[in-house]
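Novice: Fold the following for me, if possible:
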Amino acid sequence: MENRYTEPKNSIDALKRLKNDAHKKRGSKKSNPFNKLAQLDHRKDEALVISGVKHQLNLGKRINFERSKAPFRKRARSKARTDAYLNQLIDLNSPLLYRYTSTLTCGIVVYQRGEETRSEYCKQRHCQVCSRHMTGHLINGYGEELSNLKDSQFLTLTIPNVSGKRLRSSIENMLLSFIKIKRRIERRHGIKIKGIRKIECTFSEKRSDYHPHFHFIIEGKYNAEMLLKEWLIDNPTASRKGQDIRKASIGAEKELLKYFAKMVNGTTFYAKAMDTIFQAVKGKRVFQAFGLTKHIDEENIELKAQGQTHLGIKDDKFTYIADYKDWISESGEVLADYTETEKEKRYNKEVSESSKRLNLGIKERVRLNWGQYPTIEPISNLIF
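Specialist: A predicted model of the protein is given here:
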C-alpha cells in the first residue's frame, strides 16, 4: 500500500516525524532523549576520575620526593651541628688534630650516578654525620638479634669518678675486668652469656672529673645478676648504688646502639673535656657483642650508596656550601633542599661561641646574657 503524506497538525508532530524518518533511514531504534545527557554525565565522571588519578599521582610523586630528600636533610642538619663545635676541637692543637681536621672534608662532595649518590666520610666518633651512619650500621647488624633475646636485661656497671690523667688507664682496666668476669662465670657455671656492651663517659665541670661506665643488654636476669656480683668483687671501690639492673624496654637495643657523641650540654660545648675523652678511647673497642652471631665489624663502618628519586636519573656532582647548609651542583640544583630554622641558627651560633663564653668570668657572661655554668650533673654526656 502506497504511503500517503499527511500535513502535521503542529511543530511537535513535525519534529517527531523527522526523527522517525531519520531512524528508519539508519535502521535504528528510537532514541531516548535522556541517553545523550547520560553520556555527557558519564564523560564528566571519566574526566573527574582521570583528574583524581592525576592528582593522586602528583601527590604520590611529591611524597616520594619528600621521602627521598629526608635522609639528605638529616645529613645537612648533622653537618651543620658538627661544624658548630669542630673548630673549637681543632684550636686545641691536640694529638687528635689530624682526626678533627679530617672532618672538615667529611661528605663535602656528593657524586650522583644514576639513582644513587656516594660520598667520602671521615668515620670519626666526634662527627655527627658519621655517628648516624654507625648507628644504622649497628642496628642492621645486631638490632634484630638483640630484640629476640629472651628476658633481656639492661645492665649498668660503673666505677668511681677519675681524673682526666687516669681516664684511659681506668677504661683499659674496665675492659680487661669485664673479659675476666665473663670467662669466669661461663667456666664456673657452664653458661653462655649473650648480649652487647657499650662504654660511655660523662664529664662533670663542677668536679672536673670523668665517670666511665658500661651499658649492657644481657639475656637473662640471672646472668645479669652474676655479672653485677662479680663486678663488685673485682672492683671493690665501686658502690652498689652506682650499679643498676632493669628489664630492657622495647627499643632499648636501638638506644644502646646509638653511635653518636652528645657533645653539647644545652648550648655549651666543653672542647677540652671532649678531647680528653676521645684520647682516652682512641683505639678501643667501645662496642662489643658476645655470644651473638657476628654479622658486622663494630668499628668498621660500611657506607653504602644512598638511593634517591628527587634528582632524577643522571650523573652529577654536588658540593657542600657552608653558608647555605646544603650541597649544590654546578647547575645550581640543591641536594637536600634544607632550610635551617631560626631555632637551629641560634643553637649553632651559641654552640660555636662556647669557648669564648667559657673563657669569660661569670659576671661577664651574665652581663652578656650568656648564662652561667650549669649546675646539673653530668654536665656533658658522650655516647660512643
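
Novice: Show me which residues of the helix or strand hosting residue 179 are buried.
Specialist: According to DSSP states H and E, residue 179 maps onto helix 164-189. Buried residues in helix 164-189, defined by neighbour count with 16 or more other Cβ atoms under 10 Å: 164, 167-168, 170-171, 174-175, 177-178, 181-182, 185-186. C-beta here means a position set from N, CA and C on the backbone, and glycine is covered the same way.

Novice: wait, which of the residues you listed is closest to residue 242?
Specialist: residue 174 (12.9 Å; Cβ to Cβ).

Novice: Let me see the contact set for the closest one.
Specialist: Residues in contact with residue 174 (Cβ atoms under 8 Å, 6 or more residues apart in numbering) are 159, 199, 212, 214.

Novice: For burial, what's the neighbour tally of the first one?
Specialist: Think residue 159. 20 (other Cβ atoms under 10 Å).

Novice: and it, how far is that from residue 200?
Specialist: Residue 159 is 12 Å from residue 200, where distance means Cβ to Cβ, to the nearest Å.

Novice: list residues touching both of the two?
Specialist: What both residue 159 and residue 200 touch, as defined by Cβ under 8 Å, 6+ apart, is the set 212-213.

Novice: Helices along the stretch 251-384 of the chain, start to end?
Specialist: For the stretch 251-384 of the chain, the helices defined by DSSP state H, counting those that start in this stretch cover 252-256, 271-280, 342-352, 354-358, 362-367.

Novice: now those helices in CSV, with mean neighbour count and mean pLDDT?
Specialist: Formatted as CSV, the helices of the stretch 251-384 of the chain follow (neighbours: other Cβ atoms under 10 Å; pLDDT from 0 to 100):
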stretch, mean neighbour count, mean pLDDT
helix 252-256, 19, 80
helix 271-280, 21, 93
helix 342-352, 14, 93
helix 354-358, 17, 85
helix 362-367, 12, 48
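
Novice: if we can go back for a sec, and the contacts of residue 174, which of them are buried?
Specialist: 159, 199, 212, 214.

Novice: Name the nearest of these relative to residue 322.
Specialist: Out of those, the member with the shortest distance to residue 322 (by Cβ to Cβ) is residue 199, at 32.9 Å.

Novice: Quick check: which element contains that closest one?
Specialist: Counting by DSSP H and E, residue 199 is found in strand 195-204.

Novice: quick revisit: pick out whichever of the buried residues of helix 164-189 sits closest to residue 75.
Specialist: residue 171 (30.6 Å).

Novice: Quick one: low-confidence residue ranges for the stretch 51-200 of the chain.
Specialist: Applying pLDDT under 70 to the stretch 51-200 of the chain flags the ranges 51-65.

Novice: Strands of that one, start to end?
Specialist: According to DSSP state E, counting those that start in this stretch, the stretch 51-200 of the chain carries its strands in the segments 109-114, 116-119, 152-158, 195-204.

Novice: and residue 255, which of these is closest to it?
Specialist: Ranking the strands of the stretch 51-200 of the chain by proximity to residue 255 (Cβ to Cβ) places strand 152-158 first, at 9.0 Å.

Novice: other SSEs contacting that closest one?
Specialist: Packing partners of strand 152-158 (3 or more Cβ pairs under 8 Å, 6 or more residues apart in numbering; DSSP states H and E): strand 209-219, helix 221-234, strand 244-247, helix 252-256.

Novice: which of these is buried the deepest?
Specialist: strand 209-219 (a mean of 22; mean count of other Cβ atoms under 10 Å).

Novice: CA atoms of stretch 333-346 as CSV?
Specialist: Extracted in CSV, the C-alpha atoms of stretch 333-346 (Å, rounded to 0.1, in the frame of the first residue of the first chain):
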residue,chain,number,x,y,z
GLU,A,333,70.4,22.3,41.8
VAL,A,334,70.3,21.6,45.5
LEU,A,335,70.6,18.1,47.0
ALA,A,336,68.8,18.3,50.4
ASP,A,337,66.7,21.4,50.0
TYR,A,338,67.4,22.0,53.6
THR,A,339,66.4,25.3,55.4
GLU,A,340,67.9,26.0,58.8
THR,A,341,65.2,27.1,61.2
GLU,A,342,65.8,30.2,63.4
LYS,A,343,66.0,27.9,66.4
GLU,A,344,68.7,25.9,64.8
LYS,A,345,70.6,29.0,63.8
ARG,A,346,70.5,30.3,67.4
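
Novice: List the buried residues in stretch 322-339.
Specialist: 325-327, 329, 333-336, 338.

Novice: any chance of these in a markdown table, with distance to residue 344 too?
Specialist: Formatted as a markdown table, the buried residues of stretch 322-339 follow (distance: Cβ to Cβ, whole Å):
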| residue | distance to residue 344 |
| --- | --- |
| 325 | 9 |
| 326 | 13 |
| 327 | 17 |
| 329 | 24 |
| 333 | 23 |
| 334 | 17 |
| 335 | 18 |
| 336 | 14 |
| 338 | 10 |
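
Novice: Now, the residues you listed that are in strands?
Specialist: Judged by DSSP state E, the buried residues of stretch 322-339 include 326-327, 329 as members of strands.

Novice: mind putting these in JSON lines, pLDDT and distance to residue 76 included?
Specialist: JSON lines is the format used below for those (pLDDT from 0 to 100; distance: Cβ to Cβ, whole Å):
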{"residue": "326", "pLDDT": "93", "distance to residue 76": "6"}
{"residue": "327", "pLDDT": "93", "distance to residue 76": "8"}
{"residue": "329", "pLDDT": "90", "distance to residue 76": "15"}
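
Novice: That'll do, ta.
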